[in-house]
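Trainee: got a predicted structure here, sequence first:
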Amino acid sequence: MPEPRAAGEPADHTDIRDAARRLCEDFPGGYWRAKDAADAYPEEFVAALTEAGLLAAPIPEAYGGSGLPLSAACAILEEIQRSGGNGGACHAQMYTMGAILRHGSEEQKERYLPAIASGELRLQAFGVTEPSSGVDTAALGTFARRDGDRYIVNGQKVWTSRAEHSDLLLLLARTAPREEARKKTDGLSVFLVDMREVLGRGLTIRPLPAMLNHATTELFFDDMAIPASSLVGEEGEGFRHILSGMNAERILIAAECIGDARFFIDRATVYAAGRRVFGRAIGQNQGVQFPIARAYAHAEAAALMVAEAARRFEAGEEPGAQANMAKMLAADAAWEAAEACLETHGGFGFAREYDIERKWRETRLYRTAPVPTNLVLAYLAEHVLGLPRSY
Ligand SMILES: Cc1cc2nc3c(=O)[nH]c(=O)nc-3n(C[C@H](O)[C@H](O)[C@H](O)COP(=O)(O)OP(=O)(O)OC[C@H]3O[C@@H](n4cnc5c(N)ncnc54)[C@H](O)[C@@H]3O)c2cc1C
């Protein structure tokens, strides 16, 4: 039985939303609970999403995808989250392939995009974060040295999600030492690594179990040799090549947060209306209904910012400010809704069978990743408000 949707029906991309919703009905809370308990990858869900063409939505039709705009991908991820599922299992494919689309060679596009669209290949892993550089991306130390017709990669990544469930890895590495670069973001390059070729031969993947089921790993590169043709775009321009992908990532994850917020508001509203204590519905108490109503208002406002960021992205802009604001506001709204929902459920909010505690853990991630709130605020302060750079 589909869950009641107290937080209202979005009016955009209704066909896509219906398709995503119908698919999600086959993957109810029990499915996600079992995966969470076993720390297992939702293989069947990802396969069904691929089969339905929904995971390839942003890939152009010429390469076997549906050629849909970013806002349609947002609608799909939002519906997955709203159903109680977790799009984090596969959302990266929707933004990592943008780097290939915009900066890849025709050969890379023809070789990879149709295979990604059909599900033959998975591009689920995006390796940026390193243990010693943290949010200071330009300080990353993984180095790819050109050696004839190949690059030799040495270094380490941390928190690379889904590497064990992906064939391809989009990797950001240095190709020129930071000291030699004019700007600290110069000298970084993007590579599309076929992990099937190098696993056990220079690449080691080690699982990094976390608070939520997110298939997180550490990657170790030890003289990993990859063909020079793995380079995406221009050598040394990698940071700029992934920027628009990062904006897409923020907007898509913001849409997931809106889905989470609506999930929590739906569940909290239904429970508050039905649970009777002191001879009346708990939702009759303002102390119960106001936090839900406040979370609803904040989620609706954040949804407008997500739509605006997606609109600008689709118009060809690089909407750094809007993408960052959308991610921050939507993650905050989802967290506020999660807290209100947990509180509304009282002790039952902690019972696994209600899915609230799992979704509460899952949605908390987005205040920290892919970019923490502090870094969003620092970006806005510097780039929008013109205040001195703080980092
Ligand atoms: C479940 C999970 C999945 C992830 N998946 C991926 C992935 O697939 N690929 C990938 O590349 N990364 C991934 N990440 C990494 C994630 O993007 C980083 O954890 C995040 O960006 C924060 O980096 P850090 O952990 O190194 O924190 P740090 O850089 O150590 O920062 C720690 C804290 O200090 C704050 N801080 C640091 N500097 C400043 C400053 N100048 N001003 C104010 N505050 C500051 C930060 O906001 C943060 O709160 C994932 C992380 C998690 C937890």
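Mentor: On my side now, so go ahead. Residues are numbered from 1 along each chain as shown.

Trainee: count the neighbours of the residue in the stretch 201-350 of the chain that the ligand sits nearest to for me.
Mentor: At 4.3 Å from the ligand, His214 is the closest residue in the stretch 201-350 of the chain, using CB to the nearest ligand atom. (Glycine included, C-beta is placed from N, CA and C.) The tally of other residues near His214 (other CB atoms under 10 Å) stands at 21.

Trainee: also Gly347?
Mentor: 6.

Trainee: same thing with Lys183?
Mentor: 9.

Trainee: same check, this time on Ala62
Mentor: Neighbour count for Ala62, taken as other CB under 10 Å: 11.

Trainee: A helix includes it, no?
Mentor: Yes. Assessed by DSSP: H, G, I helix; E, B strand; the rest coil, Ala62 belongs to a helix.

Trainee: residue contacts, it?
Mentor: Residues near Ala62 by CB atoms under 8 Å, 6 or more residues apart in numbering: none.

Trainee: what does the pLDDT read for it?
Mentor: With respect to pLDDT, Ala62 has a value of 95.

Trainee: how many other residues sit next to Lys157?
Mentor: 26.

Trainee: go on, Ala272?
Mentor: 22.

Trainee: excluding chain neighbours, what is closest to it?
Mentor: Gly283 (3.1 Å; CB to CB, 6 or more residues apart in numbering).

Trainee: surely Gly259 is in contact with Leu77?
Mentor: Yes. Using CB atoms under 8 Å, Gly259 is in contact with Leu77, at 6.6 Å.

Trainee: what do the two both touch?
Mentor: Common contacts of Gly259 and Leu77 (CB under 8 Å, 6+ apart): Gly87.

Trainee: what's near enough to touch the residue nearest to Ala272?
Mentor: 269, 272-273, 275, 289, 292, 344.

Trainee: residue numbers of the stretch 251-391 of the chain in contact with the ligand?
Mentor: 365, 368-372, 374-375, 378, 391 (CB under 6 Å from any ligand atom).

Trainee: can I get the buried part of these as one PyMOL selection?
Mentor: PyMOL command restricting these to the buried ones, with burial defined by 16 or more other CB atoms under 10 Å:
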select buried, resi 365+369+370+371+372+375+378
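
Trainee: look at the residue nearest to Ala272 and report its pLDDT.
Mentor: 98.

Trainee: that older thread, surely the residue of the stretch 201-350 of the chain closest to the ligand is within a strand?
Mentor: No. Counting by three-state DSSP, His214 falls outside a strand, being coil.

Trainee: quick one, which of the contacts of Gly283 are buried?
Mentor: 269, 272, 275, 289, 292, 344.

Trainee: residues in contact with the residue of the stretch 201-350 of the chain closest to the ligand?
Mentor: Neighbour list for His214: 88-89, 161-162, 365 [criterion: CB under 8 Å, 6+ apart].

Trainee: mind running it again at 10 Å?
Mentor: 39, 41, 86, 88-89, 159, 161-162, 208, 361-362, 365, 369 (CB atoms under 10 Å, 6 or more residues apart in numbering).

Trainee: narrow these to those in strands?
Mentor: Those of the contacts of His214 mapping onto strands are 159, 161, per DSSP state E.

Trainee: and the contacts of His214 as CSV, adding pLDDT?
Mentor: Shown next, in CSV, are the contacts of His214 (pLDDT from 0 to 100):
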residue, pLDDT
Asp39, 97
Tyr41, 97
Asn86, 97
Gly88, 93
Ala89, 90
Trp159, 98
Ser161, 97
Arg162, 97
Leu208, 98
Arg361, 98
Glu362, 98
Leu365, 98
Ala369, 97
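
Trainee: filter the contacts of His214 down to the buried ones.
Mentor: Counted by 16+ other CB under 10 Å, those give 41, 86, 88-89, 159, 161-162, 208, 361-362, 365, 369 as buried.

Trainee: next one: phi and psi at the closest residue to the ligand within the chain?
Mentor: Relative to the ligand, the nearest point of the chain is Gly134 (2.3 Å; CB to the nearest ligand atom). Main-chain dihedrals, Gly134, degrees, to the nearest 10: phi 60, psi -140.

Trainee: again with Ala225
Mentor: Dihedral pair for Ala225: phi -90, psi 120, per degrees, to the nearest 10.

Trainee: show me what it bridges to in the sheet.
Mentor: Beta-bridge partners for Ala225, by DSSP bridges, are Ile152.

Trainee: surely it touches Arg146?
Mentor: No. Contact status for Ala225 versus Arg146: not in contact, 11.4 Å apart, counting by CB atoms under 10 Å.

Trainee: shared neighbours of those two, which are they?
Mentor: By CB under 10 Å, 6+ apart, the residues touching both Ala225 and Arg146 are Ile152.

Trainee: tell me the contacts of Ala138?
Mentor: With CB under 10 Å, 6+ apart, Ala138 has these contacts: 174, 178, 181, 183-188, 239.

Trainee: least confident of the residues you listed?
Mentor: Ala181 (84).
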